[in-house]
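*Asks:* Any chance you could fold what I've pasted below:
(one chain, ligands or ions: 1)
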Amino acid sequence: MENKFDVIVVGAGHAGCEAALASARLGLKTLMVTTNKDHIAYMSCNPAVGGLAKGHIVREIDALGGEMAINTDKSTIQFKRLNTKKGPAVRASRSQCDKALYSKFMKETISSTPHLSVYEGEVKKLFVENSSCGGVFVGDNEVSLLAIKAKATIITTGTFMNGVMHVGREQKSGGRAGDKASIGLSGSLKDLGFKVTRLKTGTPARLHKDSIDWSKTIPQPGDVDFFPFSRKIKKLQLPQVNCYLSYTNGKTHDIIRANLDKSPLYCGIIEGIGPRYCPSIEDKVVRFADKDRHQTFLEPEGLSTDLIYVQGMSTSLPVEVQYEFLRSISGLENVNIVRPGYAVEYDFVHPTQLKRTLETKEISGLYLAGQVNGTSGYEEAGGQGFWAGVNASLKILERDPLILGRHESYLGVLIDDLVTKGTEEPYRMFTSRAEYRLLLREDNTDERLLEKGYKLGLISEDSMNDFKELLRESQLLRKRLKNTTLVPNLETLERLKSISSAPIMKPTTLEKLLRRSEINFSTLEAFIDLKATPSVAEKVEIAVKYEGYIQRQNELVDQSKRLENFKIPLSFDYSGVVGFSNEEREKLQKIKPETVGQAFRISGVNPSAIQALLIHLKGRDKLKTILVQ
Ligand SMILES: Cc1cc2nc3c(=O)[nH]c(=O)nc-3n(C[C@H](O)[C@H](O)[C@H](O)COP(=O)(O)OP(=O)(O)OC[C@H]3O[C@@H](n4cnc5c(N)ncnc54)[C@H](O)[C@@H]3O)c2cc1C
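*Replies:* Numbers count the residues shown, from 1 in each chain. Next comes the predicted model:
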């Protein structure tokens, strides 16, 4: 076993895999250490990737040169596009994956990537000297720890640090079912001065498919049209399956209510805060007491497994209670539980202790990414892993860091939220967290990010050329819509009437017609043969229909960029600035924002404080000149 690397990644989950691949692909000698080699890229919970805002993150990882999108497309067993009838900003893709294949494909990619090795072992503590992390100590006991050196270390330990699993009043040490907890590393971080506290999350039971009466459930097929997450994948690779819908009922809720005293959540055993937006069924029954039913989707975990994931029914009630309430649900009257649901409590590191590169502020060369930073979900983890892997590598290579703004990516929103606002509960991405969400659509991901991935060295020349070709096609189509005019003859008027659209009185361009809410690209094709690739047609339709809104958001971005351009040195002393309240001074000193824009987003820091900060940084006269430019 070699003991000197450029980058060590601790963990082989969704964050760890992206971090290790990014660093190795940038040419750095990388070691990924994991407590369980068989569980690389293991899906601890729902076997699905994507959904609102999360799907956007997956596409962003792809545009920058990460792996999650390709891996998801390759293992998709059901694809759906959500919110197709709503505005373009909130349309999103979701793939149900074959859990075993997801892990297998990622393992294959990792083992075939040059410069990347995997080592099975537990990182117990960090090697830190003069506020700089020089590597890790791996092993089972304190006396025979193996020292492995590296220029950068990225911790991606998910739910494993001091993990405790709960089923009813039973508690067991563990990072998740089938994996032991990570003991030691959390203490090492605390000893270094990091603020570490507890969170919790939970998962539902897995059911045996032959014990379900499917005739009593409602089939939920996937979409016929597939919009791959990755540019590299053109079509579905696996047979597609149905999911099924059923509902809880009054009896289910009565059983849960009658057993709340056995739930570790409700009898005070669990202290960590759980995910607000992914509540357990106990939580739902208590918080939404007026609802007489909750839906539950029965989702196959793969093509060659008998396991069914029962979505929306995460629980930590005792097994016998899980049986009782599940068997009250239509179709599950005789169900067999293969693995009970459980909750897991774990240590996380408050992310306001990180720079925007995800390097810690206090210990150089030490990065944190994924659920260990207080997030929840594979996509949030993958995005952070990629970001940390790239930035750790760029620092070693003495290149500029990769920092994406809130206006150019959900990844930018995610990282900025974490390092600026922190989180006290599992953080999940939503479209509502992005103030410029009309600019951050799935359809324009490559326009926003592909060139950045190319400049990083993670996107090939061929991909860049294909993209330029697609852009050319969009521009040509837009030109055609601008230059093609329909005259108000009988045929046109009849066609407009047939789609309940108002008549035109004078020659009108196709572009103008497309702005009408009742007209979309396919209705336009009834007037004239436009022949466009579906993704190009969608891109152009959105650009035309939402032009005014997009322009307004771009203007807002330009205004906010001025504050973003004011850099604040990490060593800046806020005690010398006149005009702050005590609370503002304290928060600024703690978060140490890297730009005035970031300072502006700290809750409790008012516009007057920002004005005072700007004056201090630039001087009153110079500031006036800069702000009016
Ligand atoms: C019970 C449960 C329920 C969940 N429910 C949901 C949900 O409802 N919704 C949702 O979005 N997400 C849920 N998740 C979260 C989802 O699984 C995670 O967000 C995602 O897996 C986090 O990815 P990660 O890479 O940060 O960590 P993980 O995927 O957890 O990977 C951690 C990795 O670190 C390794 N490791 C840990 N400690 C050490 C060490 N000291 N040395 C070496 N290796 C180490 C492990 O072996 C593993 O490879 C749930 C997770 C669990 C466990």
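*Asks:* rest of the way, CA atoms for contacts and neighbours
*Replies:* OK.
*Asks:* Which residues of the stretch 51-200 of the chain lie near the ligand?
*Replies:* Within the stretch 51-200 of the chain, the positions adjacent to the ligand are 121-124, 156-161, 176, 182, 185 by CA under 6 Å from any ligand atom.
*Asks:* of all the residues you listed, which two lie farthest apart?
*Replies:* The span of those, defined through CA to CA, is set by Lys124 and Arg176 at 18.2 Å.
*Asks:* between the two, which one's more packed in?
*Replies:* More crowded of Lys124 and Arg176, by other CA atoms under 10 Å: Arg176, with 24 against 21.
*Asks:* Does that one touch Phe160 like I think?
*Replies:* Yes: counting by CA atoms under 8 Å, Arg176 does reach Phe160; the two are 7.2 Å apart.
*Asks:* and the host helix or strand of Gln611, how far from the chain's centre?
*Replies:* Here Gln611, judged by DSSP states H and E, is contained in helix 607-618. Distance of helix 607-618 from its chain centroid, counting by CA atoms, centre = their mean, to the nearest Å, is 34 Å.
*Asks:* what about the helices in the stretch 1-150 of the chain?
*Replies:* 14-25, 54-64, 68-75, 99-111 (DSSP state H, counting those that start in this stretch).
*Asks:* and among those helices, the most buried is which?
*Replies:* helix 14-25 (a mean of 30; mean count of other CA atoms under 10 Å).
*Asks:* got the angle between that one and helix 68-75?
*Replies:* Angle of helix 14-25 versus helix 68-75, following axes from the mean of the first three to the mean of the last three CA atoms, to 10 degrees, is 110 degrees.
*Asks:* And for the residue in the stretch 251-400 of the chain that the ligand sits nearest to, nearest residue in space, chain neighbours not counted?
*Replies:* Here the residue of the stretch 251-400 of the chain nearest the ligand is Gly377; by CA to the nearest ligand atom that distance is 3.0 Å. Closest residue to Gly377 apart from its sequence neighbours, by CA to CA, 6 or more residues apart in numbering: Arg428 at 6.9 Å.
*Asks:* would you list the helices of the stretch 1-150 of the chain in TSV and tack on distance to Ala92 and mean pLDDT?
*Replies:* Output for the helices of the stretch 1-150 of the chain, formatted as TSV (distance: least, CA to CA, whole Å; pLDDT from 0 to 100):
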stretch	distance to Ala92	mean pLDDT
helix 14-25	20	98
helix 54-64	6	97
helix 68-75	13	98
helix 99-111	20	98
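*Asks:* Buried residues, the longest helix along the chain. List them.
*Replies:* The longest helix of the chain (DSSP state H) is helix 461-483. By neighbour count with 16 or more other CA atoms under 10 Å, helix 461-483 contains the buried residues 463-464, 467, 471, 473-474, 477-478, 481.
*Asks:* what inclination does that helix have with respect to helix 54-64?
*Replies:* 120 degrees.
*Asks:* The closest residue to the ligand within the stretch 501-629 of the chain: what's it in contact with?
*Replies:* With CA to the nearest ligand atom as the measure, Ile591 is the residue of the stretch 501-629 of the chain nearest to the ligand, at 22.8 Å. Listed by CA atoms under 8 Å, 6 or more residues apart in numbering, the contact set of Ile591 reads 352-353, 419-420.
*Asks:* just to revisit the earlier point, looks like the residue nearest to Gly377 contacts Thr375 (just checking).
*Replies:* Yes: counting by CA under 8 Å, Thr375 is a contact partner of Arg428 at 6.1 Å.
*Asks:* circling back: what pLDDT does the residue nearest to Gly377 get?
*Replies:* Arg428 carries a pLDDT value of 95.
*Asks:* now swap in the one 4 residues further on and tell me
*Replies:* The score at Ser432 is 90. That number is its pLDDT.
*Asks:* count of neighbours near it?
*Replies:* For Ser432, the neighbour count with other CA under 10 Å is 11.
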